[in-house]
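**Student:** no FASTA, just this:
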């Protein structure tokens, strides 16, 4: 699943602040952490703009602790999925998941957007069950929270309408993951040596069956689940821990030689 979202184009260039899918998202089922729709099988630590960081109040931390880091919103309505396929809404959802309840004004300050725009898009998230009022405040000063920490999108669509919505959503998420990767590459030289060394960047070709690929994804999920509770329980984070975006994709290769066959001896390989 994707957690929350990655930065919208404007945010990526302004702040490079990662707010994944909003997109914490799965394309599988059964409550797995899931295979992410991403730009590549790698992990990036996304630099957060210190000017935009805020100190969460004790009340915010208490509210975060009440949330279940494994709670899932399963997307089966193509209208809801199309509504979520919006860069700012994904950024807002990601912020609600990683920062706790936020007002439209607070979200706007973090994202470099107007409070009016954030208020509108928060209401749209609420319309489709992705956000809800956290209680207290009035108008644009009402705090909002995410209804779940993970978003599950079925891997196999059950209708042409859902297939189209799913394709749109995945393409938007993939673009945001690419922006996050480029954000890290731009910020990398200014990061401490230990983080430059720790950050993952690479790929590997392997021959797998569909069942083996499923098993591999489940093994990775189990490793990531060891750390997921830290999202909603700050007291579990060890000193020096930072928000890390782990993005991975594994799918049949579509380039030359990706069919699993190679030309017979003497056959023209072109």
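**Tutor:** Perfect, thanks for sending it. Owing to the predicted nature of the structure, the values given are computational and were not obtained by experimental measurement.
**Student:** tell me which strands and helices the one helix or strand residue 183 maps to is in contact with?
**Tutor:** In this assignment (DSSP states H and E), residue 183 forms part of helix 160-187. In terms of contacts (3 or more Cβ pairs under 8 Å, 6 or more residues apart in numbering; DSSP states H and E), helix 160-187 is packed against helix 9-14, strand 20-23, strand 42-44, helix 78-84, helix 87-99, strand 245-247. Where you see a C-beta, it was placed from the backbone N, CA and C, and this is true even at glycine.
**Student:** ok, 7 Å please
**Tutor:** For helix 160-187, the contact count by 3 or more Cβ pairs under 7 Å, 6 or more residues apart in numbering; DSSP states H and E identifies helix 9-14, strand 42-44, helix 78-84, helix 87-99 as packing neighbours.
**Student:** Number of residues surrounding residue 235?
**Tutor:** 7 (other Cβ atoms under 10 Å).
**Student:** before we move on, the earlier item: could you give me the average pLDDT of the helix holding residue 183?
**Tutor:** Regarding helix 160-187, the rounded mean pLDDT is 94.
**Student:** Helix 87-99 and that one, what's the angle between them?
**Tutor:** Helix 160-187 runs at 70 degrees relative to helix 87-99, counting by axes from the mean of the first three to the mean of the last three Cα atoms, to 10 degrees.
**Student:** Heading C-terminal from helix 160-187, find the next helix or strand.
**Tutor:** In N-to-C order, the element after helix 160-187 by DSSP H and E is helix 193-198.
**Student:** So which bits of the next helix or strand after that next one are buried?
**Tutor:** The helix or strand immediately downstream of helix 193-198 is helix 210-225, counting by DSSP H and E. For helix 210-225, the neighbour count (16 or more other Cβ atoms under 10 Å) marks 217, 220, 221 as buried.
**Student:** for stretch 173-182, same thing?
**Tutor:** Residues of stretch 173-182 classed as buried by neighbour count (16+ other Cβ under 10 Å): 173, 174, 175, 176, 177, 178, 179, 180, 181.
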